[in-house]
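Visitor: Next come a sequence and a model predicted from it.
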Amino acid sequence: MDIIYLLIPLALMLLALAIAAFLWAIRNGQFDDLEKEAHRILFEEDTEPDTVKNPPDPKTKS
Amino acid sequence: MCCPGCEAIAGNIVELGMESYYKHRQITASATSQGEIIPDFLQQQELWNEESIQQQYVRKISHPADASDGQQFRAITLMISGITCAACVWLIEKQLQTSTGISKSTVNLSSQLAEVEWDTTKTSLSDILHSIHKIGYRAEPYSPKKQETLIAKENKQALSRIAVAGLGTMQVMMLAGGLYLGAFQGIATEHAHFLRWVSAIICIPVYFFSGAPFIQGAIRNIRTRHAGMDIPISIAISAAFFASIWSVITHGQEVYFDSVCMFILFLSVGRYLEMRARHRSLISTIRLAHSTTLMATLIIDDGTQKNVLAEHLLPGDRVLIKPGDTIPGDGEIIQGTSSINESMLTGEELPVPKSIGSMVTGGTVNVEHPLTVIIQHSNKDSVLNALQLLLEKAQSHKPKITLLADKVSRYFVLSVLLVSIAVYLTWYSIEPSSAFWITLSVLVITCPCALSLATPAAITSSVSTLANLGFLTPNQRFSESLHKTTDIVFDKTGTLTSGDFRIADSYLYPNVGLTYETASNIAAQLESHSGHPIASAFTHLSTTNLSPPLENITTHNGLGIEAQQHNTHYFIGSFAFVTRHLNPKPIDEALEGQWVWLSSDENLLARFKIEDSLREDSPQLIDFLHSQNYQLHILSGDNSSHPQKIAHTLGIDRVISGASPSDKLNYIQSLQQQDKTVLMVGDGLNDAPVLAAANCSISMANGADLTKRAADGLLLNHKISALVDIFNIVYKTNTIIKQNLTWALAYNACALPAAALGWVPPWLAAIGMSTSSLIVVLNALRLKSSVTNNAEQGSS
């Protein structure tokens, strides 16, 4: 069971990393809008303006 | 169509190949009549291109990479109204991305704010506003108020504390699992010590960082000699924490790090939920105040009117303040008499009469008649000041049930502390070695955690559920008073009826020396000074400027409007009002329907038939309210037979028609004297004092600004039948609060004796405490899911 002397400090380091990542996310504003991002995945991502102005042929789209 | 935008853009969407909007939207559309705001607002957009006006809102930013092209980038925060779901956000972002010259745009759904960056050489601010407007949303430049920045900071801090406590708890629980298993199955002493040391290390940040608010709260409580809930919480977590540290150092028997962490986590989450509910209502108050203090109508020397930003008025400017408008700055009345609602300064909801020479304060609201005011102070400060007062008022309002919970828990806390001391002393004399852990169990198990979560958890989930249905509650008065309500009083116009008035018929009296065009022009000009819903019918008439213009315009509330041109007086309004000076008196022809009459000094000139139809969903609401045994009333300023007819259709037997505002007020007060609790549902401008006098009130939010302020609940979605769902939610919230409080008190009553007798070890106490809190929270969430199901069934 002496392996815990290695594994638990490792777990502690992961914990520290997790907390740091979480705090970074909070400070970075990732939690500012919890509603929009949940739905963003549903919208088709067509970032190029051209594709919006000239819509693809509806027949080829599902 | 759910918002003005949807209406304007349905075609636009399809044209741009963005049909997927319809697949993803979350809220089904409902009918609205907001279209009229747009033209008025369009006039104001050009203003935003002026450098001096931009100064306050716009930030200059530089992109080093692009600077060489001579481009100038600016950024601004826009407040966008009309967003109802994620699809709206997507659409606005799309629209901005496809416009030229915009380098970055993000829209936040929760806060309804947009961040936009643009290139001044390619586009202008008013073009951006216009492009948002074209798809039907209303955007206004916005500078976040100090309070909002603070709220954002507080929010982030609370989340950080939860993050540390949550991750820490997971680890400590895992280690505690090892220790408990070890206690049963055997564990090497040095391994056990190692696990304890590690738990201690993890627990240190949780206690000192995440637990800090409780300790600080307890210190504050002790300083102010107030037995708050933070005291037993702090004693419990501090005692458990330091005893465990001591136990680790001295190789003692018990450690309670898992209890400490779990405790802090659950309490932090509870506080966070409570805080969010508070912040949400606070932010809506800030926004409300922001949007109503923004614009003022400046009268230029030649008599023409111009819209300007209230903040840019200078001492000496003359401004016109229509009924229902917020006064843009401190000043003196130079024309007109009216009454002013100064509730934001004095807390008194009844308007104060003011006449020429009286001083008015920025931020207060004009109630009755148009006023001309000469500005005396650079008003930026005065408006801000008033805003501050409004906010403080909103912040200081605590729901009665929370106050009750505070009061109960104060005694509770004191008795818990006394009981703990008694338990410690008793056990110390019987069995000194067990005294500490038994006392700890008592403190942990009786922690008023569930008690303190009972109300906020239910209120949070009810506030957010109500907001999803388009119902805002700026304070908690609404949910408190509803279950006591015995009588519901409806205004007719714009509440039970759609409020979308049209001129259905008109008649010009022969031999009056006027053409129909002139008569209707005078009528429209007169009515433009009224905020009464009927006046909106006349906005559909085309008007030209009269020369000379009308002067001495006086509004007689509930009766009509009077004005002077040359030596001729014109009167518009009810038959009685326009004929009272005529000699001989014309005979009232008792015509069908609702008519508005126009007369001069000598004779009747014309009459206009105004029509307003019953809302489609009113019967549904009335049936529901009848089934709930409320006594229903209709109060209407309309003195035709229309209210009677409406009441007959809906099956309401108590109708007062032709009621002046003071009649309405008297009616409500006489009901209250009969020990009735009155809920008033209104819309029109004349209702404001009546809404304030009723025990609680709901206003349809397309009404004038003033009613928005006075009401306890604002219905935003223009469907009066939504009130059925809203009432059900509020009933259910009250039931859940009662259940929660009963459960929390019963739990404590059973657990306390058991813990005092030493039957409950601290770890079981911690589990018991957490479970009881969890039950309270889950019970509150039940409200949310069940009601959402109902609402979906209702609207589909």
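Guide: Yep, it's here. Numbering: from 1, shown residues only, chains lettered A, B, ... in the order given.
Visitor: Can you report how many residues neighbour B:Ile729?
Guide: Counted with other Cβ atoms under 10 Å in any protein chain shown, residues neighbouring B:Ile729 total 25. Glycine gets a C-beta too; all of them are placed from N, C-alpha and C.
Visitor: how close does it get to chain A?
Guide: Counting by Cβ to the nearest Cβ, to the nearest Å, the gap between B:Ile729 and chain A amounts to 20 Å.
Visitor: quick one: what helix or strand has that residue in it?
Guide: The secondary structure element spanning B:Ile729 is helix B:722-756 (assigned by DSSP states H and E).
Visitor: which other helices and strands contact that helix?
Guide: Packing partners of helix B:722-756 (3 or more Cβ pairs under 8 Å, 6 or more residues apart in numbering or on different chains; DSSP states H and E): helix B:400-430, helix B:432-445, helix B:449-468, helix B:477-482, helix B:618-627, strand B:713-715, helix B:762-795.
Visitor: Which parts of chain A are strands?
Guide: If DSSP state E is used as the criterion, chain A turns out to lack strands entirely.
Visitor: Any regions of it where pLDDT drops low?
Guide: A:35, A:43-62 (pLDDT under 70).
Visitor: run the last query once more with 80
Guide: A:1, A:32-62 (pLDDT under 80).
Visitor: Indicate which one of the helices and strands packed on helix B:722-756 is closest to chain A.
Guide: Nearest of the helices and strands packed on helix B:722-756 to chain A, taken as Cβ to the nearest Cβ: helix B:449-468 at 10.5 Å.
Visitor: then that closest one to PDB, C-alphas only?
Guide: Output of helix B:449-468 as PDB, limited to C-alpha atoms (Å, rounded to 0.1, in the frame of the first residue of the first chain):
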ATOM      1  CA  CYS B 449     -28.800  25.100   7.000                       C
ATOM      2  CA  ALA B 450     -32.100  23.600   5.700                       C
ATOM      3  CA  LEU B 451     -33.900  26.300   7.600                       C
ATOM      4  CA  SER B 452     -32.000  29.100   5.900                       C
ATOM      5  CA  LEU B 453     -32.200  27.500   2.500                       C
ATOM      6  CA  ALA B 454     -35.900  26.700   2.700                       C
ATOM      7  CA  THR B 455     -37.200  30.100   1.500                       C
ATOM      8  CA  PRO B 456     -34.400  31.300  -0.800                       C
ATOM      9  CA  ALA B 457     -34.300  28.000  -2.700                       C
ATOM     10  CA  ALA B 458     -38.000  28.200  -3.400                       C
ATOM     11  CA  ILE B 459     -38.000  31.900  -4.200                       C
ATOM     12  CA  THR B 460     -35.000  31.500  -6.600                       C
ATOM     13  CA  SER B 461     -36.700  28.800  -8.600                       C
ATOM     14  CA  SER B 462     -40.000  30.600  -8.600                       C
ATOM     15  CA  VAL B 463     -38.400  33.900  -9.700                       C
ATOM     16  CA  SER B 464     -36.600  32.200 -12.600                       C
ATOM     17  CA  THR B 465     -39.600  30.200 -13.600                       C
ATOM     18  CA  LEU B 466     -41.700  33.300 -13.600                       C
ATOM     19  CA  ALA B 467     -39.100  35.200 -15.600                       C
ATOM     20  CA  ASN B 468     -39.200  32.500 -18.200                       C
END
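Visitor: coming back round to it: tabulate the helices and strands packed on helix B:722-756 (TSV), appending distance to chain A, mean pLDDT and mean neighbour count.
Guide: Shown next, in TSV, are the helices and strands packed on helix B:722-756 (distance: least, Cβ to the nearest Cβ, whole Å; pLDDT from 0 to 100; neighbours: other Cβ atoms under 10 Å in any protein chain shown):
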stretch	distance to chain A	mean pLDDT	mean neighbour count
helix B:400-430	25	79	16
helix B:432-445	25	79	22
helix B:449-468	10	72	24
helix B:477-482	24	72	21
helix B:618-627	29	88	17
strand B:713-715	20	74	24
helix B:762-795	15	68	18
